[in-house]
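Undergrad: predicted model and sequence below, questions to follow.
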Amino acid sequence: MKGAIGRAWNVLALVLISLSPALAADPSARVELDISKAGPRAVEPQTQQAIRRDYRVAWSSLAQALESNSADPLEGPFVGTAKQWLGDTVASQSRVGMTSHYAGQTHKVQAVFYAPEGDLIELHDVAEFQLQISDGGKVIHEQHVVVNYVVLMTPAADRWVVRELQAVPQF
Amino acid sequence: MRKLRLIAIAAFSLASLLLPCSAQKLVTPVSAIAGEDITISTTGTGKATFYLSGPGVANKRDVTLGDEIHLAGTDLKIAGAYVVILCADSCHGSTFYVKGSKPTSLALLVHPSRVPVAQSDAVSGVAIPFDRFRNMVLEPVQVNFQLTAANSAPVSHQIRSQNGIAWFRTASEKKAGKLQITATLDSVSSARVLQQVASDPCNLRIKGQRTAKGIELETEPVKDCSGNPVPDGTIVTFNLSGENGKTTVDAPIKQGIARARIQAQGPQSVTVASGVVMGNELRIGGQP
């Protein structure tokens, strides 16, 4: 009986560890998008879904790029300034042997501006994740981070793309 | 004596645990401006490795603890969160923010490129100020949108940016022609031009007569409700209804007038339409 209880605790412990955001290996991000304050144009439900989907893909791609030091995942989800600086970060990290690992991402996103013609949306994202910076495979910094991002997204041929991604101390 | 030795060992162990934590520290600025140099203070003694990780940059270098670390503005061009890490026996990190500097350019989006005249809320403009490194300027700034059309006084809208964006929406003018929209912020400006075109036809009227070759129909000069000529190529539809049935003919406007010649026997009732606009009705007899 005692052995059975012990095994059950071990299984529960393993499940909890696997669910821990800090240790999760899954690079995908969780995104909640609130459109109630968007204006002057109202965000249609389908547009909301598309933006939420594409913003989540963008963050998963960002995490992949900065962990693998490859700019390939940035192709598609990012354009303009955001793509430029992310590409520069990947190149710099690669040059000095550093990597960044983003785990357990959650994004509470609020749309604060949707252009009258629907060609630009501004988002405020309160992003939360476990950031791990390594040098040559050795972890030199690990921190649970809460960062505010100002984001500009524009529609492309088949998706919404991130054009600006700027961290700010507060909105 | 033995007690003293134990106390000394315990004190040394405690000190060795605490010292690496207190030996090296980083003092970062509360915030910095994009492109401007900053200095980070360190405490402690000995050698360490300093890391900088931020938007667009990742680098490392050897430093001496206790010295100041100078970060060049070229490494701090992108606004955002930067992490600095100092590693000796152990690593200690700190985060600081870089803000955008003064606005040096304005991105201006204007819609639509062609707009019918006299439509409410038909023209809109969105301006986003950027600094010289293409960071968004998030502090509120006053943007002046000036709308200039030929033969009319310019109209201005003073808009204070919110969350880095200034925007306006307004009605199109009554007169067709070019409309220039200029957004200005201090000495920075950006301009776009859109075309205001005639709206739907208004008071569409036709006249017609029977000739030996059939019925000849033509409109009066087709204009919108503001008096602007409707563009050539706009389709006008003539509908004839007589004893032998109905006939429909589409004719494009040429030099302001749409014309049609139709073979039709007997008396005819003729109506005209363009888009959703109906014109007058005409009755034409069976003999020329």
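TA: Noted; the coordinates are in hand. Residues are numbered from 1 along each chain as shown, chains lettered A, B, ... in the order given.

Undergrad: the strands in the stretch 151-288 of chain B, which residues?
TA: Using DSSP state E, counting those that start in this stretch, the strands assigned to the stretch 151-288 of chain B run over residues B:155-160, B:166-170, B:177-185, B:188-197, B:201-202, B:206-211, B:214-219, B:223-224, B:235-242, B:245-252, B:259-262, B:268-274, B:277-278, B:282-284.

Undergrad: nearest to chain A, of these?
TA: Closest approach to chain A among the strands of the stretch 151-288 of chain B (C-beta to the nearest C-beta): strand B:166-170, 5.4 Å. Placement of C-beta: from N, CA and C, glycine included.

Undergrad: can I get the strands of the stretch 151-288 of chain B in JSON lines including distance to A:Val150, mean neighbour count and mean pLDDT?
TA: Shown next, in JSON lines, are the strands of the stretch 151-288 of chain B (distance: least, C-beta to C-beta, whole Å; neighbours: other C-beta atoms under 10 Å in any protein chain shown; pLDDT from 0 to 100):
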{"stretch": "strand B:155-160", "distance to A:Val150": "17", "mean neighbour count": "14", "mean pLDDT": "96"}
{"stretch": "strand B:166-170", "distance to A:Val150": "15", "mean neighbour count": "20", "mean pLDDT": "97"}
{"stretch": "strand B:177-185", "distance to A:Val150": "18", "mean neighbour count": "19", "mean pLDDT": "96"}
{"stretch": "strand B:188-197", "distance to A:Val150": "20", "mean neighbour count": "17", "mean pLDDT": "96"}
{"stretch": "strand B:201-202", "distance to A:Val150": "46", "mean neighbour count": "21", "mean pLDDT": "90"}
{"stretch": "strand B:206-211", "distance to A:Val150": "58", "mean neighbour count": "16", "mean pLDDT": "92"}
{"stretch": "strand B:214-219", "distance to A:Val150": "55", "mean neighbour count": "20", "mean pLDDT": "93"}
{"stretch": "strand B:223-224", "distance to A:Val150": "43", "mean neighbour count": "19", "mean pLDDT": "94"}
{"stretch": "strand B:235-242", "distance to A:Val150": "48", "mean neighbour count": "19", "mean pLDDT": "94"}
{"stretch": "strand B:245-252", "distance to A:Val150": "50", "mean neighbour count": "13", "mean pLDDT": "93"}
{"stretch": "strand B:259-262", "distance to A:Val150": "59", "mean neighbour count": "18", "mean pLDDT": "93"}
{"stretch": "strand B:268-274", "distance to A:Val150": "48", "mean neighbour count": "20", "mean pLDDT": "94"}
{"stretch": "strand B:277-278", "distance to A:Val150": "47", "mean neighbour count": "16", "mean pLDDT": "92"}
{"stretch": "strand B:282-284", "distance to A:Val150": "63", "mean neighbour count": "16", "mean pLDDT": "91"}
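
Undergrad: remind me which helix or strand A:Ala50 belongs to.
TA: Per DSSP states H and E, A:Ala50 falls inside helix A:45-68.

Undergrad: that helix - contacts with which helices or strands?
TA: Secondary-structure packing of helix A:45-68 (3 or more C-beta pairs under 8 Å, 6 or more residues apart in numbering or on different chains; DSSP states H and E): strand A:30-34, helix A:80-96, strand A:98-114, strand A:121-135, strand A:138-155, strand A:160-168.

Undergrad: and the fifth one, what's buried?
TA: Within strand A:138-155, the residues scored as buried using 16 or more other C-beta atoms under 10 Å in any protein chain shown are A:140-142, A:145, A:147-155.

Undergrad: and it, what does it pack against?
TA: Identification of packing neighbours for strand A:138-155 by 3+ C-beta pairs under 8 Å, 6+ apart yields helix A:45-68, strand A:121-135, strand A:160-168, strand B:47-54, strand B:80-87, strand B:91-99.

Undergrad: out of the ones you listed, nearest to A:Phe78?
TA: Relative to A:Phe78, the nearest member of the helices and strands packed on strand A:138-155 by C-beta to C-beta is strand A:160-168, separated by 5.1 Å.

Undergrad: C-alpha coordinates for stretch A:111-118, CSV please?
TA: Extracted as CSV, the C-alpha positions of stretch A:111-118 are listed here (Å, rounded to 0.1, in the frame of the first residue of the first chain):
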residue,chain,number,x,y,z
ALA,A,111,-5.3,45.8,-28.9
VAL,A,112,-5.2,49.6,-28.3
PHE,A,113,-5.4,50.9,-31.8
TYR,A,114,-6.9,49.5,-35.0
ALA,A,115,-6.5,51.8,-38.0
PRO,A,116,-9.6,53.1,-39.7
GLU,A,117,-8.8,51.1,-42.9
GLY,A,118,-7.7,48.0,-41.0
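
Undergrad: centre of the chain to it, how far?
TA: Offset of stretch A:111-118 from its chain centre (C-alpha atoms, centre = their mean, to the nearest Å): 22 Å.

Undergrad: again, but for stretch B:220-231
TA: The mean C-alpha position of stretch B:220-231 is separated from the chain mean by 32 Å, C-alpha atoms, centre = their mean.

Undergrad: cool, and stretch A:94-108?
TA: With C-alpha atoms, centre = their mean, you get 10 Å for stretch A:94-108.

Undergrad: circling back: now render the helices and strands packed on helix A:45-68 as a markdown table, adding mean pLDDT.
TA: Supplementary listing: the helices and strands packed on helix A:45-68 in a markdown table, determined by pLDDT from 0 to 100:
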| stretch | mean pLDDT |
| --- | --- |
| strand A:30-34 | 96 |
| helix A:80-96 | 97 |
| strand A:98-114 | 97 |
| strand A:121-135 | 97 |
| strand A:138-155 | 97 |
| strand A:160-168 | 97 |
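
Undergrad: in contact with the most centrally placed residue in chain A, which residues?
TA: Closest to where the C-alpha atoms of chain A average out (C-alpha atoms, centre = their mean) is A:Trp59, at 3.0 Å. Shown in contact with A:Trp59 (C-beta atoms under 8 Å, 6 or more residues apart in numbering or on different chains): A:29, A:31, A:102, A:105, A:107, A:127.
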